[in-house]
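S.K.: Prediction below, plus the sequence it came from.
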Amino acid sequence: MNEQPAFIGAKVVEKYLDFATLIPLLERALIHFSSGNEGGVVQPIRTIVPVAKYSGFLGVMPAYSKWDDALTTKVVTFYEKKTSSEIPSHQATVLLFEPSNGTLKAVIDGRVITDKRTAAVSAIATKLLKPSHAEILCILGSGAQAQSHYQVFTQQFSFKEVRVWSCTREKAEGFATTVTGQVRVCSTPQEAVTGADVIITVTMATEPVLLGDWVKPGAHINAIGACRPDWRELDNVLMESCVLYVDSKEAAAKESGDIVISKASIYAEIGEVLKGTKPALADKTTVFKSVGMAVEDTVSAKLVYDSWLAENK
Ligand SMILES: NC(=O)C1=CN([C@@H]2O[C@H](COP(=O)(O)OP(=O)(O)OC[C@H]3O[C@@H](n4cnc5c(N)ncnc54)[C@H](O)[C@@H]3O)[C@@H](O)[C@H]2O)C=CC1
Ligand SMILES: O=C([O-])C1=[NH+]CCC1
C-alpha cells in the first residue's frame, strides 16, 4: 500500500520559498532547459483547455528535471475577472511524483509557487539585461504578480523610485497601501513608463498597454502577461525595435500574442545568456517575454517538499 501523499498548503509554501534560495535553483534550471538533451529537462509545451463559456482556461504543465531528479505536473486555471470577487484569477496545484516509480508524493499549492517563481525569473532576466544605472522601476498592473514582482525587485535591486499604474486608480492606490515601501501611483500608463529604466507588465490585458513610443531607449522590459496567441501587452513598435529574449523559444513562438501577431524575431532564451552562449545586450532596449515554464514549478515544488520533509520526518 502506498502512503498518503503530503498536502502542502499556501502558508507552508510561502514559508519555504524564499527568493534568495529559489533564484540560484531557477538559474540552474533555465540553463539546463536551454541545453537541449544534455540539460536533461523534459518539458513538452503545455496543454491549454479553453473554457469559453466562462472566459477561462485550464493548463496542464508537466516536466522532469534529470539534474534535480524531480517529476511534477502543475494544473493551473486562469480566468478573466469580471467582478471584484475574492477568488484569484489564477489558481494552481502542483503534483510531485517519485520519479523512480511514479508514486504521488505531494499535492502542493501552486498559486504561491506561480507568483514567486515567475517574479524570480523576471529578476534573473533583469539582472542580466537592465541598463547599468537603473533608478526607476515601473509596474503596469496591481494584482498577484505585481505583488510578487514588487517583493523580489525591491529585495534584489535598489531603485530610487517605484511607480505603479493599474486599470483603475483605486486598484493602483490599493497596491501602494499594501506594499512596504514608497510607491508613486500614476494615472496613465504613459506617465508611469516615461523615463523608467525597468518596466514590468503584469496585466490581464488583451490589447497593448505599453507602447514603444513611451519607452526610454535602453530600458529593460519584463513582459509577463498576454500568454495567449491573440492577447497583447506590448505594441508592434516596441516588439519590432527591441532585442527580444524569452524563457522558451518554442512556447513563446506558439503562445505569446505579442510575438505571434507582431512576428518579432526572438534573439535568445534567457538560459542561453546564463550559459554564456548568447550575449546580454544590456545597452539596447530589451524585452524579456515570459510565458512561464513547467520546470520552474518543478524546482520550486522540490524545494518546498524537501524543506517540508526535513521538518516533518
Ligand atoms: N509568465 C508567467 O510565467 C506567468 C504569467 N502570468 C500572467 O501575468 C498576468 C498577471 O497575473 P496575476 O497578477 O496573477 O493576475 P491578477 O488578476 O491578480 O492581476 C491582473 C492585473 O491586470 C489588471 N488588468 C485586468 N484587465 C486589464 C486590462 N484590460 N488592461 C490593463 N490592466 C488590466 C488588473 O486590474 C490587475 O491589476 C496575467 O496575464 C497572467 O496570465 C501569470 C502567471 C505566470
Ligand atoms: O506559467 C504559468 O503558470 C502561467 N503562465 C500564464 C498563465 C499561467
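M.R.: Done, it's in. Ligands and ions are numbered 1, 2, ... in the order given.

S.K.: you'd agree Ile139 is up against Phe159?
M.R.: No: counting by Cβ atoms under 8 Å, Ile139 does not reach Phe159; the two are 10.7 Å apart. All C-beta spots, glycine's among them, are computed from the backbone N, C-alpha and C.

S.K.: The two: which is more packed in?
M.R.: The neighbour comparison of Ile139 against Phe159 (other Cβ atoms under 10 Å) goes to Ile139, with 30 against 18.

S.K.: Would you mind listing what in the stretch 201-313 of the chain touches ligand 1?
M.R.: 202-205, 209, 224-225, 227, 290-292 (Cβ under 6 Å from any ligand atom).

S.K.: Three-state assignment for whichever residue of the chain sits closest to ligand 2, please.
M.R.: The nearest approach of the chain to ligand 2 comes at Gly292, 1.9 Å away (Cβ to the nearest ligand atom). Under DSSP: H, G, I helix; E, B strand; the rest coil, the three-state class of Gly292 is coil.

S.K.: Tell me, what's the model's pLDDT at it?
M.R.: Looking at Gly292, its pLDDT is 98.

S.K.: Not counting sequence-adjacent ones, nearest residue to it?
M.R.: Thr118 (6.1 Å; Cβ to Cβ, 6 or more residues apart in numbering).

S.K.: mind listing what the one you found touches?
M.R.: Thr118 sits next to 145, 148-149, 224, 290, 292, 296 when contact means Cβ atoms under 8 Å, 6 or more residues apart in numbering.

S.K.: which SS class is the spatially most central residue of the chain?
M.R.: Nearest to the mean C-alpha position of the chain, counting by Cα atoms, centre = their mean, stands Thr118 at 2.6 Å. Secondary structure for Thr118, judged by three-state DSSP, is helix.

S.K.: returning to that earlier point: show me the two of the residues of the stretch 201-313 of the chain next to ligand 1 that sit farthest apart.
M.R.: Val209 and Gly292 (18.9 Å; Cβ to Cβ).

S.K.: Return the member of the contacts of Thr118 nearest to ligand 1.
M.R.: Distances from ligand 1 to those, taken by Cβ to the nearest ligand atom, are shortest for Gly292, at 2.5 Å.

S.K.: Assumed Pro279 was part of a helix.
M.R.: No: applying three-state DSSP, one finds Pro279 to be coil, outside a helix.

S.K.: Against Asp213, how distant is it?
M.R.: 27 Å (Cβ to Cβ, to the nearest Å).

S.K.: And ligand 2, is stretch 118-132 touching that?
M.R.: No: Stretch 118-132 does not reach ligand 2 (Cβ under 6 Å from any ligand atom); its nearest approach is 6.6 Å.

S.K.: Please work out the average pLDDT along that stretch.
M.R.: 98.

S.K.: Now it: buried residues?
M.R.: 118-131 (16 or more other Cβ atoms under 10 Å).

S.K.: Just the buried residues from the residues of the stretch 201-313 of the chain next to ligand 1, in PyMOL please.
M.R.: Of these, the buried ones can be selected in PyMOL as follows, counting by 16+ other Cβ under 10 Å:
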select buried, resi 202+203+204+205+209+224+225+227+290+291+292
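
S.K.: Please list all residues in contact with Thr286.
M.R.: 129, 219-221, 242-245 are the contacts of Thr286 under Cβ under 8 Å, 6+ apart.

S.K.: typo on my end, Thr21
M.R.: Here Thr21 is in contact with Leu303 (Cβ under 8 Å, 6+ apart).

S.K.: Secondary structure element holding it?
M.R.: Using DSSP states H and E, Thr21 sits in helix 19-33.

S.K.: now check that helix, is it near ligand 2?
M.R.: No: on the criterion Cβ under 6 Å from any ligand atom, helix 19-33 is out of touch with ligand 2, staying 12.8 Å away.

S.K.: For the next helix or strand after that helix, which strands pair with it and how are they oriented?
M.R.: Remark: after helix 19-33, the chain's next helix or strand is strand 41-42, criterion DSSP H and E. Paired strands of strand 41-42, with direction, are strand 56-65 (antiparallel) (DSSP bridges).

S.K.: and the strand it pairs with, anywhere near ligand 1?
M.R.: No: counting by Cβ under 6 Å from any ligand atom, ligand 1 is not contacted by strand 56-65; separation bottoms out at 8.9 Å.
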